[in-house]
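>>> just need the structure, nothing else, for what follows:
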Amino acid sequence: MRLTYTSDLWWKNAVIYCLDVETFKDGNGDGIGDFRGLTQEIDYLAGLGVTCLWLMPFYPSPGKDDGYDATDFYSVDPRLGTLGDFVEFMRTAHDRGLRVIADLVVNHTSDRHPWFKEARSSKESPLRDWYVWSDVPEPDDKSQIVFPDKEDSVWELDEKTGQYYLHSFYRHQPDLNVANPAVRDEITRVLGFWMELGLSGFRVDAVPFLIENVDPKLADPHDFLADLRAFMTRRKGDSVLLGEVNVPYEELVTYFGEGLGDQVTMCFDFIGMQRAWLSLARGEAEPLASALRERPQPPKDCQWASFLRNHDELTLDKLTEEERQEVFQAFGPDEDMQVFGRGLRRRLPPMLGGDLRRIKMAYSLLFSLPGTPVLFYGEEIGLGENLKAEGRMAVRVPMQWSPEGGFGRGEPERAMPDGAFAPDRVNVADQKRDTGSLLRWFQLLIERYRECPELAWGSYEVLDPGHPAVFAHRCDADGATVVILHNLSDTARDAELKLDGLDGCLLTDLLEDGSVQVPDGGKVTLPLGPHGCRWLRASAPEVPPEDASAKWEHSR
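Modelled structure (predicted):
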């Protein structure tokens with residue numbers, strides 16, 4: 001079967017870059033990032049090679065949950081700029097060929113949102129059913145409490161009306177009730193508003209909470225996702241919904257819908273991410289290899305989103321307790337590095353001890369996984385963390401543009417990392433001038449990923465390399481093949497592969513100069529250095545000129 005590559009399905013081989021406007025670049029010197037500062041760095045992002053920007057919440061907010069507690073879904077937080085600044089940013093991003101998506105955080109509002117203020121004013125309020133209420137709180141399932149260090153229940157008493165409201169997250173974030181048609185209509189208006197201003201889609205926060213924690217229960221909760229998808233397709237046919245759905249594969253695949261992906265366009269591969277960290281901790285490929293073997297094929301035109309870190313804690317909730325402790329011991333043994341008992345509040349470079357060779361291998365692994373890679377801002381320079389900050393805020397530190405910091409003219413409101421990850425050690429300006437830097441490595445990986453449509457559009461097979469420390473896989477599409485190997489150990493290894501159908505083909509290294517020919521029989525030995533990685537494109541061997549001439553004469 002031949003694949004058709006189309007720009008309408010741009011997300012299939014996009015490179016998505018998640019950033020927080022507040023921590024990316026300060027354009028007016030007040031110590032807080034803003035849209036003017038972000039617009040100034042659009043050329044940097046385009047030069048890096050990313051194709052889609054994902055904006056964390058930028059809506060007006062009291063700031064109790066880093067913007068995820070919105071008080072208005074139709075505006076920009078004044079600290080970050082104006083709607084005019086947003087439009088100018090969008091114009092500039094589109095001019096450089098970048099698409100933009102934004103967080104859709106409509107599973108709850110802030111308790112200061114005008115909707116909730118009106119809803120709690122009286123039991124007879126016309127907006128009362130926009131939220132979920134109960135005379136008697138249902139018994140709490142402690143495993144469903146998202147923030148067990150902050151909350152001991154998902155119900156909170158509203159003293160004025162004497163009823164309890166549901167909050168799946170913090171008590172200052174009452175859940176919206178999408179069982180109410182008026183709420184569903186309002187959410188589609190929010191989508192339509194921002195799409196008119198140029199957004200290409202949304203990352204949907206905590207999708208299961210959005211469709212399941214409602215009253216009355218929906219007959220089919222997925223119908224709401226299908227309605228959102230249909231609305232967006234009518235407005236903009238190539239728009240995307242990227243779903244945060246951290247559930248087992250067999251349940252997760254239902255969020256794509258049926259047929260041509262009539263619900264969520266893309267889903268994060270949380271299972272693959274967690275198994276990847278277990279593989280890195282053990283120095284063994286099998287946990288990640290097993291995840292890829294188990295991962296279901298999404299419906300046509302849908303895609304998996306691959307990542308190693310994001311803006312939240314590095315959740316390890318789908319590992320067993322023993323496996324989780326292995327990862328803790330390897331990458332976050334101190335108690336203040338862990339959070340919620342299930343994850344780590346650390347960035348990847350410090351987790352890997354600043355070992356550039358190992359860090360480069362890990363990101364090579366990310367870009368080579370079948371699917372669409374998603375990056376968190378600063379990963380391209382090895383940005384560190386600030387464990388003095390509370391909870392998840394440890395990883396949401398200011399971007400470091402120069403040895404002096406470079407975030408803005410004023411002192412940044414949030415503290416930057418120190419020590420080996422301070423701005424004078426980790427910054428954009430220095431790495432631009434260093435051909436061996438992590439930044440240059442990212443540019444190469446992005447370029448090679450975009451040149452290998454097999455990774456995003458093709459089929460894949462996990463290979464047996466003959467050594468437990470080596471992860472090997474191949475991707476095929478339209479008769480083209482790439483073979484990729486990663487050594488997860490700090491010792492040089494030889495991978496012995498059986499490459500069916502590639503007898504006599506030339507394997508050309510894509511990350512450095514070199515090539516090797518596959519012998520007849522398809523068995524080939526490929527050496528890997530400590531934490532080494534190789535991307536190899538298979539091609540038919542070139543015919544020497546004299547042989548080509550002889551074949552031409554014979555054909556006459």
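>>> and the helix ranked longest in the chain, C-alpha only, in PDB?
Longest among the helix segments of the chain by residue count, using DSSP state H, is helix 181-196. Provided in PDB are the C-alpha atoms of helix 181-196 (Å, rounded to 0.1, in the frame of the first residue of the first chain):
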ATOM      1  CA  PRO A 181     -25.900  21.400  26.400                       C
ATOM      2  CA  ALA A 182     -25.400  25.100  27.200                       C
ATOM      3  CA  VAL A 183     -21.900  24.400  28.500                       C
ATOM      4  CA  ARG A 184     -21.000  22.300  25.400                       C
ATOM      5  CA  ASP A 185     -22.300  25.200  23.200                       C
ATOM      6  CA  GLU A 186     -20.100  27.700  25.100                       C
ATOM      7  CA  ILE A 187     -17.000  25.500  24.700                       C
ATOM      8  CA  THR A 188     -17.500  25.300  21.000                       C
ATOM      9  CA  ARG A 189     -17.800  29.100  20.900                       C
ATOM     10  CA  VAL A 190     -14.400  29.300  22.800                       C
ATOM     11  CA  LEU A 191     -12.800  27.100  20.100                       C
ATOM     12  CA  GLY A 192     -14.400  29.100  17.300                       C
ATOM     13  CA  PHE A 193     -13.100  32.400  18.800                       C
ATOM     14  CA  TRP A 194      -9.500  31.300  18.900                       C
ATOM     15  CA  MET A 195      -9.600  29.500  15.600                       C
ATOM     16  CA  GLU A 196     -10.800  32.800  14.000                       C
END
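>>> any idea what the residue nearest the centre of the chain is bridged to?
A centroid search over the chain (CA atoms, centre = their mean) returns V374, at 3.7 Å, as the residue closest to the centre. For V374, the beta-bridge partners under DSSP bridges are I16.
>>> report the contact partners of it.
Counting by CB atoms under 8 Å, 6 or more residues apart in numbering, V374 makes contact with I16, Y17, C18, W54, F268, A305, S306, F307, N310. For the C-beta atoms, the positions are set from N, CA and C on the backbone; glycine is no exception.
>>> now those as CSV including distance to L241, secondary structure and neighbour count?
Shown next, in CSV, are these (distance: CB to CB, whole Å; DSSP: H, G, I helix; E, B strand; the rest coil; neighbours: other CB atoms under 10 Å):
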residue, distance to L241, secondary structure, neighbour count
I16, 13, strand, 24
Y17, 18, strand, 23
C18, 16, strand, 22
W54, 12, strand, 24
F268, 12, strand, 22
A305, 11, strand, 24
S306, 17, strand, 22
F307, 17, coil, 23
N310, 17, coil, 20
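>>> same for the helix or strand that the longest helix of the chain is followed by, what does it pack against?
The helix or strand immediately downstream of helix 181-196 is strand 201-204, counting by DSSP states H and E. On a contact count with 3 or more CB pairs under 8 Å, 6 or more residues apart in numbering; DSSP states H and E, strand 201-204 meets strand 99-104, strand 240-243.
>>> count of neighbours near Y131?
By other CB atoms under 10 Å, 26 other residues sit near Y131.
>>> mind checking how far the residue nearest to the centre of the chain is from F307?
Relative to F307, V374 is positioned 4 Å away (CB to CB, to the nearest Å).
>>> can I get stretch 220-233 in PDB? Just the C-alpha atoms.
Taking Å, rounded to 0.1, in the frame of the first residue of the first chain, the C-alpha atoms of stretch 220-233 are listed here in PDB:
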ATOM      1  CA  ASP A 220     -21.800   8.000  25.500                       C
ATOM      2  CA  PRO A 221     -19.200  10.500  26.800                       C
ATOM      3  CA  HIS A 222     -17.300  10.200  23.600                       C
ATOM      4  CA  ASP A 223     -20.100  11.900  21.700                       C
ATOM      5  CA  PHE A 224     -19.000  15.200  23.000                       C
ATOM      6  CA  LEU A 225     -15.500  14.700  21.600                       C
ATOM      7  CA  ALA A 226     -17.000  13.800  18.300                       C
ATOM      8  CA  ASP A 227     -19.100  17.000  18.400                       C
ATOM      9  CA  LEU A 228     -16.000  19.100  19.000                       C
ATOM     10  CA  ARG A 229     -14.100  17.400  16.200                       C
ATOM     11  CA  ALA A 230     -17.000  17.900  13.800                       C
ATOM     12  CA  PHE A 231     -17.300  21.600  14.700                       C
ATOM     13  CA  MET A 232     -13.600  22.100  14.200                       C
ATOM     14  CA  THR A 233     -13.600  20.300  10.900                       C
END
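>>> for it, give me every contacting residue.
Applying CB under 8 Å, 6+ apart, the contact partners of stretch 220-233 are 178, 184, 187-188, 191-192, 195, 201, 207, 210-212, 214, 218, 239, 241, 254-255, 257, 261-265.
>>> from these, keep the buried residues only.
178, 184, 187, 191, 195, 201, 207, 210-211, 214, 239, 241, 255, 257, 261-265 (16 or more other CB atoms under 10 Å).
>>> how's this protein carved up into domains?
Domains of the chain are assigned by automatic domain parsing as 1-103+347-457, 114-166, 182-306, 458-539.
>>> now those as JSON lines including mean pLDDT?
Output for these, formatted as JSON lines (pLDDT from 0 to 100):
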{"stretch": "domain 1-103+347-457", "mean pLDDT": "96"}
{"stretch": "domain 114-166", "mean pLDDT": "92"}
{"stretch": "domain 182-306", "mean pLDDT": "95"}
{"stretch": "domain 458-539", "mean pLDDT": "97"}
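>>> no further questions, thank you.
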